[in-house]
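Engineer: Below are the sequence and a predicted model for it; my questions follow.
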Amino acid sequence: MRIKVITMLMIGSILPFSSKSQDVQTTITSEFRAGYSTNTYLNPFFSEWNRTYDSGYGFNSTFGQLFWDKGKHKFDINGGYIYEPFFSEQPAWHGYLAYGKYLIDIDQNFNAGIVAGTSAFQSDLERNLSWIRPYITWFPSGFTSLNFKIGSNFREYTNLPNSPDTSNRFNSYSLEFESWFNFRWQLKAGIYGSLDNLSSPQNGLSTSMSLGRSFLNGSKLTSEIQFINYSSEFTTTIDDGGGPGGPFGPPGGTTTQTQSIDDQIWRFKLEAAYPVTNNIAAFVSADRLLYQSSSLETGISDVQISGGLRFSFIPNIISSRKNIVEPVWNYKDEEHQITLKFRGEGNLYVVGDFNNWEKPGIPLRETSGNKYVASLNLEPGLYEYRILVIRDNEQNWLEFSNDTTTVNDSFGGVNALKIVE
């Protein structure tokens with residue numbers, strides 16, 4: 001079997017898993033959840049420390065994605081609106097988020113690009129953020145990547161209670177590692193820090209590690225642990241009192257003392273997702289936060305738990321002019337069954353490693369509703385394949401959808417990937 005660098009793109013993943021084989025693709029995603037938290041720092045898209053919002057909450061979001069793949073150059077634009085009401089007297093948290101990403105494939109082992117975005121949210125305060133981060137990614141193997149980012153965040157707060165409006169710039173770096181092993185286990189680790197504190201890197205340093213397990217039915221279970229450390233120093237001036245000084249009394253004056261405070265945040269998260277259909281996924285998540293500070297005698301503990309549904313679909317607003325298929329695999333009667341929809345004319349065949357790429361390949365039979373099916377006996381391993389359409393003695397490869405896992409075929413095209421455990 002040929003081994004190539006696998007290009008994958010997964011949500012929350014730095015590996016380009018599920019490569020986009022279309023020239024242009026649009027995706028719409030909506031999420032609805034309900035939950036309870038004792039600190040808004042744990043709420044999705046909030047991340048502001050406020051323990052007075054001890055409340056249940058709702059969460060609604062709709063995002064659109066436009067992806068353009070032009071050979072080595074790829075553009076990804078995302079934007080959406082978020083509305084998060086609280087089941088108490090606190091005002092809702094709502095606003096928009098938009099960001100764009102440019103990527104260039106340098107070779108099979110490296111790509112580079114830049115990410116930039118902006119967001120504006122408000123409740124009883126207003127928060128505006130913008131950021132820009134160049135990055136480079138190294139793929140030492142098809143299932144492992146190392147990503148380095150460096151850039152700046154710009155923050156602006158207005159309508160702060162009992163505080164003046166503020167704005168600041170935060171220069172940061174990150175180093176992220178990701179690896180898939182046994183095809184189903186995903187390990188991620190990252191180090192995040194401030195470029196403004198290189199002389200004391202422990203100040204604002206954050207580390208995280210997560211382990212995820214994907215199952216054959218599309219379900220996924222993920223556990224994550226995160227640690228953040230803040231160190232700060234401040235000086236105080238103490239009046240020593242005393243007499244008038246001189247030879248007849250004790251000296252007067254002041255003493256300057258330097259004190260330091262160390263704050264640590266530990267966060268533990270567990271999330272499970274289950275695909276109800278190809279377009280709907282159900283999920284639940286739980287967080288536990290522990291806050292410790294040298295200025296406090298006892299630590300602080302917070303929790304968050306939520307669950308909901310995520311909907312996604314690919315509208316035909318902008319699409320490639322080529323025929324697009326999205327294979328779905330199932331295990332039935334001790335055979336691996338491939339199913340896809342095709343509205344064009346001609347006969348379909350699946351060709352790949354399992355038949356030594358001999359054309360025309362294994363025929364797919366049409367059942368109903370433009371649905372085509374074929375059954376294969378496959379041993380454990382990785383299989384690359386493509387779908388061939390033959391019409392009027394003319395043979396053409398069909399293009400794969402945005403959600404199909406693909407690999408580069410070394411000839412300027414892509415093959416789909418099937419993993420059998």
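Structural biologist: All right, it came through fine.
Engineer: wait, what's in contact with P275?
Structural biologist: 217-219, 281 (C-beta atoms under 8 Å, 6 or more residues apart in numbering). All C-beta spots, glycine's among them, are computed from the backbone N, C-alpha and C.
Engineer: Find me the pLDDT at it, would you?
Structural biologist: Looking at P275, its pLDDT reads 87.
Engineer: Identify the bridge partners of it.
Structural biologist: Going by DSSP bridges, P275 is paired in beta bridges with A281.
Engineer: What separation do you get for it and D196?
Structural biologist: 43 Å (C-beta to C-beta, to the nearest Å).
Engineer: what does L417 give?
Structural biologist: According to C-beta to C-beta, L417 and D196 sit 43 Å apart.
Engineer: likewise N323?
Structural biologist: 52 Å.
Engineer: same question, I362
Structural biologist: As judged by C-beta to C-beta, I362 and D196 stand 59 Å apart.
Engineer: between those two, which one's more packed in?
Structural biologist: Applying other C-beta atoms under 10 Å to I362 and D196 shows that I362 carries more neighbours, namely 18 against 13.
Engineer: Just give the closest residue to that one, not the sequence neighbours.
Structural biologist: Computed as C-beta to C-beta, 6 or more residues apart in numbering, the closest residue to I362 that is not its neighbour in sequence is V350, at 5.0 Å.
Engineer: That neighbour reaches V389, doesn't it?
Structural biologist: No: under the criterion of C-beta atoms under 8 Å, V350 is not in contact with V389, lying 11.0 Å apart.
Engineer: Looking at these two, which has the bigger crowd around it?
Structural biologist: Remark: of V350 and V389, V350 carries more neighbours, 23 against 20, as counted by other C-beta under 10 Å.
Engineer: looking at the sheet around the more buried one, what are its partners?
Structural biologist: Beta-bridge partners, per DSSP bridges, of V350: I362, I387.
Engineer: Who are the contact partners of it?
Structural biologist: Per C-beta under 8 Å, 6+ apart, neighbours of V350: 338, 361-362, 364, 374, 376, 385-388.
Engineer: same deal with V325?
Structural biologist: Going by C-beta under 8 Å, 6+ apart, the list of residues near V325 reads 340-342, 387, 398-401.
Engineer: Let me know the closest of the residues you listed to A116.
Structural biologist: S401 (27.3 Å; C-beta to C-beta).
Engineer: Check the burial of the closest residue to that closest one other than its chain neighbours by counting its neighbours.
Structural biologist: Nearest residue to S401 in three dimensions, chain neighbours excluded: E326, at 3.7 Å (C-beta to C-beta, 6+ apart). By other C-beta under 10 Å, the residues close to E326 number 15.
Engineer: which SS state does F154 fall under?
Structural biologist: strand (DSSP: H, G, I helix; E, B strand; the rest coil).
Engineer: Can you name the residues bridging to it?
Structural biologist: Going by DSSP bridges, F154 forms beta bridges with S130, R169.
Engineer: so it makes contact with G117?
Structural biologist: No: with contact defined as C-beta under 8 Å, F154 and G117 do not form a contacting pair (11.0 Å).
Engineer: Mutual contacts of these two, please.
Structural biologist: 130-131.
Engineer: neighbour count winner among the two?
Structural biologist: When F154 and G117 are compared for neighbours, G117 comes out ahead with 17 against 14, by other C-beta under 10 Å.
Engineer: The helix or strand hosting S306 pairs with which strands, and in what direction?
Structural biologist: Taking DSSP states H and E as the definition, S306 sits inside strand 300-313. The strands beside strand 300-313 in its sheet (DSSP bridges) come out as strand 24-37 (antiparallel), strand 280-293 (antiparallel).
Engineer: Mean pLDDT, distance to I132 and mean neighbour count added to those strands, as CSV?
Structural biologist: Formatted as CSV, those follow (pLDDT from 0 to 100; distance: least, C-beta to C-beta, whole Å; neighbours: other C-beta atoms under 10 Å):
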stretch, mean pLDDT, distance to I132, mean neighbour count
strand 24-37, 90, 24, 17
strand 280-293, 95, 29, 17
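Engineer: who wins for proximity to I104 among these?
Structural biologist: strand 24-37 (17.7 Å).
Engineer: Next secondary structure after the closest one?
Structural biologist: Following strand 24-37 toward the C-terminus (DSSP H and E): strand 55-70.
Engineer: Please compute how far that following strand lies from its chain's middle.
Structural biologist: Per C-alpha atoms, centre = their mean, to the nearest Å, the displacement of strand 55-70 from the mean C-alpha position of its chain is 12 Å.
Engineer: List the buried residues of the very next helix or strand once past it.
Structural biologist: Remark: after strand 55-70, the chain's next helix or strand is strand 73-84, criterion DSSP H and E. For strand 73-84, burial by neighbour count (16 or more other C-beta atoms under 10 Å) applies to 74, 76-80, 82, 84.
Engineer: orientation of the following helix or strand past strand 73-84 relative to strand 73-84 in degrees?
Structural biologist: Reading on from strand 73-84 to the C-terminus, the next helix or strand found by DSSP H and E is strand 93-105. Following axes from the mean of the first three to the mean of the last three C-alpha atoms, to 10 degrees, one obtains 170 degrees for the angle between strand 93-105 and strand 73-84.
Engineer: Enumerate the positions of strand 93-105 that are buried.
Structural biologist: Across strand 93-105, burial judged by 16+ other C-beta under 10 Å covers 93-95, 97-99, 101, 103, 105.
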